[in-house]
Every structure is written in structure tokens, then in C-alpha cells.
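Trainee: Sequence first, then the predicted structure, then my questions.
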Amino acid sequence: MLGVVQHVMARGIEGAAIFRDEKDRETFLAKLAEVVREGEAQLLGWALLSNHFHLVLRPRRAYLKDMMRRLMTGYATWFNRRHGRKGHLFQNRYRSIVVEEEPYLLTLVRYVHLNPLRAGLARDLRELDRYPYSGHSVLMGNREFGAQDTEAILSRFGRKVGEARKAYREFVAAGIPEGVREEFRGGGLVRSAGGKKEVLRRKPEERELADERVLGSGEFVEEVLAAAEEEARKYNPRSVDEILAEVAEEFGVEQAAITGPSRERKVARARREFYRRARREAGATFDELARRTGRTQASVWQAVKSGERTQ
């Protein structure tokens, strides 16, 4: 969805750390800044914890799934090289919630920025003010991060920066007793939090890319769903060749090995992942993948199903 606020979350696979030190975090932020700049997106809030991250984004030119794919794949590849590891870094899905700007935006930004405090990375609000890996410290003027649109938030609290920061900080302090808010956690359903009883699911091919739901009034939900369907019709899926190259790089194997007869365990895992992504992201058929890799449709089907059971 373009032009609407979204809360995005992603976790390390099996709860593993995705940030081990300051260099990891700074590299992730550099890649985030690049994705935000090139996608002409608006970054309104963010927080990095040891095994997951939160973003409050408004995509404008590039679709969220393209931005997240580039961010997560690029960072995972760098992280694996730096730390000498292989395989997936993130859980297969990021979660996203499309959020109605009024009345949820400020409350969402506060919720995201309080995550380090809830996680014990900051003992109190004073420490949170200076915690360098949350957009809160940027809003408070204690860290520079040009990719974050601070004016969009502070302007809602006052005309002058000083008074706006004071009012914003008081607003954040008032949210500390609230703890975890379920409506901001994501959940795989597109639904209204404004009293509408009908629960609508996204198309399967869209659900497979991300866990997503809508937080807002019934009218807002209907508008979002209509816009999502229109964007889905316009969206140009990725090519099989692009996916093959991406998987080969992630797993550290040759493309020819994936499409060839090799039975090596690492290659077989890469081949299953190639099948899975090609099916979901490029719309490749079992017949096409079978011909591409010199196998039967039945063996491709079994590999895809086997991969799904191990996700």
C-alpha cells in the first residue's frame, strides 16, 4: 500500500539475535536509510532490539514488500558474511499493520519508541532519551538520523522545537504504564479495529509475503482493501532469474548447482527455497520449475511441501 502508515516488525529466526553489536546496528540503519531514500518513503518511528526491529513507515513510491525484501535480504547477506554464518537470519515473514493515521499514528510511534524500555535496554525515560537505537532519541535531539522525518511528529506537539520535544516527551511518559498493546502487534488478518465485525483475508499470494492487517475504522479498512486490490493488479512480479540469483547468493552456492543434479544438503536446501520463492513471488508453475531444474513436477511439488513443513 502506497501513501498509508504501516507498522512493520521482523524477528530473527527462532528468536536468534539479528544485531550482535554496534556495527551490526549501524549497518542496518545505513541500509534502512538507503531504502527509505530511494523508495521516497517517510520514516516516522523505529526501534532496534537484539532479536527484532520495529519501523513506522509510509511507503510513497516503492511498495513495502519491495523495500522490506531489499532491506532484509541485503542486511542478512552482510550479517552472514561478517559473522561467518549461513542460512536464514529472519523468520520467513515480516509483519505489517496498515494504520489509520487518526487517531493511531502518535500512539503507534510512542508504542514503538518505548520498546527498548519494555525490553530492559533502558532503565527509565531518561536513559531512553539517549538510547541510540530508537527514533525517540532522534526526536529528542540526542542522535542524528537523516532518514527519519522528525518534523512530521514534532509539529503535532508544538511550533517551536523545544516546546514540541517537551510535549512529546510528556506524551511518551504517559504511555509507559500501558505496556504491550495487542492491536499494534500484527496478526495475519486484515480487519477493522473500529467495530466492524467482518474479518477479511487477503489473497493467498499476498498473505504469503507478509503477515498484514489493517487498524482503523470500517470505512478505512474498505478503502485500504480496494486500493490493495488495485495495486495488486498493477504490481509486476519478480522474475525467476532474479529469485535464482538471490537464493544462490544467500546460500553461498552457484546458480548452476541449484538447477543441476547436485544432492548436496546445502544445495538441496537452496533448491527448495528457490522453488518456494519462485512459486510465491514470480508465479512460476511446477512444470516450469521442473523443466528449469531437470526434475519431475512431482519431485518439485514434494520439495516445496517439504520446505513448507520445515519453515
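Mentor: Received the coordinates, thanks.
Trainee: Please, where are all the strands along this protein?
Mentor: For the chain, the strands defined by DSSP state E cover 5-11, 42-48, 52-58, 94-99, 190-191, 199-200, 210-215.
Trainee: of all these, which lies closest to N80?
Mentor: Closest to N80 of the strands of the chain is strand 5-11 (CB to CB; 15.8 Å). Every residue, glycine included, has its C-beta placed from N, CA and C.
Trainee: Show me what the closest one packs onto, helices and strands only.
Mentor: Applying 3 or more CB pairs under 8 Å, 6 or more residues apart in numbering; DSSP states H and E, one finds that strand 5-11 makes contact with strand 52-58, helix 64-83, strand 94-99, helix 101-113.
Trainee: closest to R277 out of the ones you listed?
Mentor: Minimum separation from R277 across the helices and strands packed on strand 5-11 (CB to CB) falls at helix 64-83, 9.9 Å.
Trainee: Packing partners of that closest one?
Mentor: On a contact count with 3+ CB pairs under 8 Å, 6+ apart, helix 64-83 meets strand 5-11, helix 22-38, strand 94-99, strand 210-215, helix 240-251.
Trainee: Give me the average confidence score over that helix.
Mentor: Per-residue pLDDT values across helix 64-83 average out to 93.
Trainee: re the thing from before, nearest to L128, out of the helices and strands packed on helix 64-83?
Mentor: Shortest distance between L128 and the helices and strands packed on helix 64-83, using CB to CB, is found for helix 22-38: 16.0 Å.
Trainee: May I have that closest one exported as CSV, CA atoms only?
Mentor: Written as CSV, here are the backbone C-alpha positions of helix 22-38 (Å, rounded to 0.1, in the frame of the first residue of the first chain):
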residue,chain,number,x,y,z
GLU,A,22,27.0,-1.6,17.4
LYS,A,23,28.5,-2.2,13.9
ASP,A,24,25.5,-4.5,13.1
ARG,A,25,23.0,-1.9,14.2
GLU,A,26,24.7,1.0,12.4
THR,A,27,25.0,-1.1,9.2
PHE,A,28,21.3,-1.9,9.4
LEU,A,29,20.4,1.8,9.8
ALA,A,30,22.6,2.7,6.9
LYS,A,31,20.8,0.2,4.7
LEU,A,32,17.4,1.4,6.1
ALA,A,33,18.3,5.0,5.2
GLU,A,34,19.2,3.9,1.7
VAL,A,35,16.0,2.0,1.2
VAL,A,36,13.9,4.9,2.6
ARG,A,37,15.7,7.5,0.4
GLU,A,38,15.5,5.5,-2.8
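Trainee: list the buried ones in it?
Mentor: 24-25, 27-29, 31-32, 35-36 (16 or more other CB atoms under 10 Å).
Trainee: the inter-axis angle of it versus helix 64-83?
Mentor: Between helix 22-38 and helix 64-83, the angle comes out at 150 degrees (axes from the mean of the first three to the mean of the last three CA atoms, to 10 degrees).
Trainee: circling back: would you turn the strands of the chain into JSON lines with mean neighbour count, mean pLDDT and distance to A147?
Mentor: Written out in JSON lines, the entries for the strands of the chain read as follows (neighbours: other CB atoms under 10 Å; pLDDT from 0 to 100; distance: least, CB to CB, whole Å):
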{"stretch": "strand 5-11", "mean neighbour count": "22", "mean pLDDT": "89", "distance to A147": "14"}
{"stretch": "strand 42-48", "mean neighbour count": "24", "mean pLDDT": "97", "distance to A147": "5"}
{"stretch": "strand 52-58", "mean neighbour count": "24", "mean pLDDT": "94", "distance to A147": "10"}
{"stretch": "strand 94-99", "mean neighbour count": "23", "mean pLDDT": "82", "distance to A147": "18"}
{"stretch": "strand 190-191", "mean neighbour count": "20", "mean pLDDT": "36", "distance to A147": "28"}
{"stretch": "strand 199-200", "mean neighbour count": "13", "mean pLDDT": "34", "distance to A147": "33"}
{"stretch": "strand 210-215", "mean neighbour count": "24", "mean pLDDT": "48", "distance to A147": "21"}
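Trainee: Brilliant, that's me finished.
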